[in-house]
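K.L.:
Sharing a model prediction with you, sequence too.
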Amino acid sequence: MKPVRSILAILAIGGLLAACHGYDPKTESKRDMLADSGFKVVSLKTPGQAASFKKLPPHKLVRKTYNGKPIWVYADPTMCGCLYMGNQDNYNAYIKEASKQMMTTAMRANFADDPYSPTGMDNAVDSDWDWGEWGNPGYYGLNY
């Protein structure tokens with residue numbers, strides 16, 4: 001019986017530790033979109049790369065120039081300790097995907113909170129309308 005309790009205790013502790021480990025879904029989503037847009041993951045190999053990496057703002061896309069052309073970099077010190085690097089086409093693909101995702105999120109939020117949705121209007125009208133003052137809606141030519 002003791003081995004079973006020990007195993008259950010270890011599993012419970014492991015489950016609690018896993019539950020405590022949090023991550024920022026926005027950061028994870030951004031990293032996925034960067035990779036899907038063609039950004040390359042660059043790991044830090046030299047002390048010089050590590051030093052310049054620390055100068056970049058974390059979790060922000062930054063425009064740099066190389067041979068007169070724009071290069072976009074994204075420093076991720078918390079999740080992978082790496083740099084995402086892409087060209088203008090990769091950046092444009094990222095912005096397009098991010099805009100689409102942002103619009104989808106906004107539409108979902110608005111749909112749930114839309115004052116002009118039929119169910120939202122029904123609830124608002126039915127809760128405070130006094131039909132006694134108006135009589136039968138058929139009187140006004142409404143089929144009900």
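P.N.:
Noted; the coordinates are in hand.
K.L.:
Every contact and neighbour count from this point should use C-alpha atoms.
P.N.:
Noted.
K.L.:
Give me the nearest residue to Ala98, chain neighbours excluded.
P.N.:
Ranked by C-alpha to C-alpha, 6 or more residues apart in numbering and with sequence neighbours excluded, the top spatial neighbour of Ala98 is Met33, at 7.5 Å.
K.L.:
Kindly confirm whether my reading is correct that that neighbour touches Tyr94.
P.N.:
Yes - look at Met33 against Tyr94 with C-alpha atoms under 8 Å: they come within range, at 6.3 Å.
K.L.:
out of these two, which sits in the busier spot?
P.N.:
Tyr94 (22 against 18; other C-alpha atoms under 10 Å).
K.L.:
on that earlier part again, got a pLDDT number for the residue nearest to Ala98?
P.N.:
Predicted confidence (pLDDT) for Met33: 90.
K.L.:
ok, now which ones touch it?
P.N.:
When the contact criterion is C-alpha atoms under 8 Å, 6 or more residues apart in numbering, the partners of Met33 are 94, 97-98.
K.L.:
hmm, 10 Å instead?
P.N.:
Counting by C-alpha atoms under 10 Å, 6 or more residues apart in numbering, Met33 touches 27, 39, 93-95, 97-98, 101.
K.L.:
Kindly report the same for Ala109.
P.N.:
So Ala109 contacts Met103 (C-alpha under 10 Å, 6+ apart).
K.L.:
Among the contacts of Met33, show me the least confident.
P.N.:
Comparing the contacts of Met33 by pLDDT, Thr27 comes last, at 51.
K.L.:
Show me where the protein dips below the pLDDT cut-off.
P.N.:
1-28, 110-144 (pLDDT under 70).
K.L.:
Break down it into its helices, ranges please.
P.N.:
2-20, 25-36, 47-55, 88-112, 118-128 (DSSP state H).
K.L.:
That concludes my questions; thank you for your assistance.
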